Every structure is written in C-alpha cells, then in structure tokens.
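Colleague: With the sequence up front, the predicted model follows.
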Amino acid sequence: MKEEEIVEILKKENEEFRRIYQEHRELDSRLSELNRKTHITTEEETEILRLKKEKLYKKDKIAELIRLYKKQHALN
C-alpha cells in the first residue's frame, strides 16, 4: 500500500491524524503567504521560524502515525 493511500485512510478514520494534517496544511499556507511578501518585519521573521518549527513537529507526528498504521497492519 502506498503512503498516499495510508494518508487518505488515516484522514478518514483517525481524528488525531486528520487534525494534525489540517494544521500542517494551515501552517504551510501561512508560511507561503509570508514568503510571498517582499518586505518582512522582524516580528514576521520570528513568526516564520516559529511556524517552520511547528510545521516540522506536525510533519514528524504525521510520519509517526503513518509508521504506527503500517506496523499495526503489517505493511512496509
């Protein structure tokens, strides 16, 4: 089973996964919005760093939930 298929299953069946996945997408959207700006304030630079860290944390959590799903279903 492909990872994309697992993601779709988890989005449907796992509330925690669905929430984290959505939060990750929202962080990505906000980062894209800030990165499109031609001038970034010091506060925005700080926000970008915070958002990147939070996004990475969410990505790691998503990967962990995918690994757990694979383990529970004996998939590699």
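Modeller: Sure thing, it's come through. Worth saying up front: this structure is predicted, and the values here are computed from it rather than measured. Numbering: from 1, shown residues only.

Colleague: Next, the contact list for Phe17, please.
Modeller: With contact set as CB atoms under 8 Å, 6 or more residues apart in numbering, Phe17 has these partners: Leu10, Lys11, Ile62, Leu65. Any C-beta I mention is one placed from the backbone N, CA and C, and that applies to glycine too.

Colleague: What residues sit buried inside the host helix or strand of it?
Modeller: According to DSSP states H and E, Phe17 maps onto helix 15-35. Under the neighbour-count criterion of 16 or more other CB atoms under 10 Å, helix 15-35 has Phe17, Ile20, Tyr21, Glu23, His24, Leu27, Leu31 buried.

Colleague: wait, doesn't the third one sit right on Lys12?
Modeller: No - counting by CB atoms under 8 Å, Tyr21 sits too far from Lys12 to count as a contact (11.1 Å).

Colleague: Excluding sequence neighbours, find me the nearest residue to Lys37.
Modeller: Distance criterion CB to CB, 6 or more residues apart in numbering; nearest residue to Lys37, sequence neighbours excluded, is Glu44 at 7.2 Å.

Colleague: element containing the one you found, please.
Modeller: Per DSSP H and E: helix 42-72 holds Glu44.

Colleague: Give the buried residues for that helix.
Modeller: For helix 42-72, the neighbour count (16+ other CB under 10 Å) marks Ile48, Leu51, Lys55, Lys58, Lys61, Ile62, Leu65, Ile66, Tyr69 as buried.

Colleague: distance of the second one from Lys61?
Modeller: Read that as Leu51. The gap separating Leu51 from Lys61 is 15 Å, by CB to CB, to the nearest Å.

Colleague: ditto for the third one
Modeller: Lys55 sits 11 Å away from Lys61 when distances are taken as CB to CB.

Colleague: And the closest residue to Ile66 other than its chain neighbours, how far from His24?
Modeller: Closest residue in space to Ile66, ignoring its immediate chain neighbours: Ile6 at 5.5 Å, by CB to CB, 6+ apart. Ile6 sits at a distance of 15 Å from His24 (criterion: CB to CB).

Colleague: what's the closest of the buried residues of helix 42-72 to Arg36?
Modeller: Of all the buried residues of helix 42-72, Ile48 has the smallest distance to Arg36: 11.9 Å, by CB to CB.
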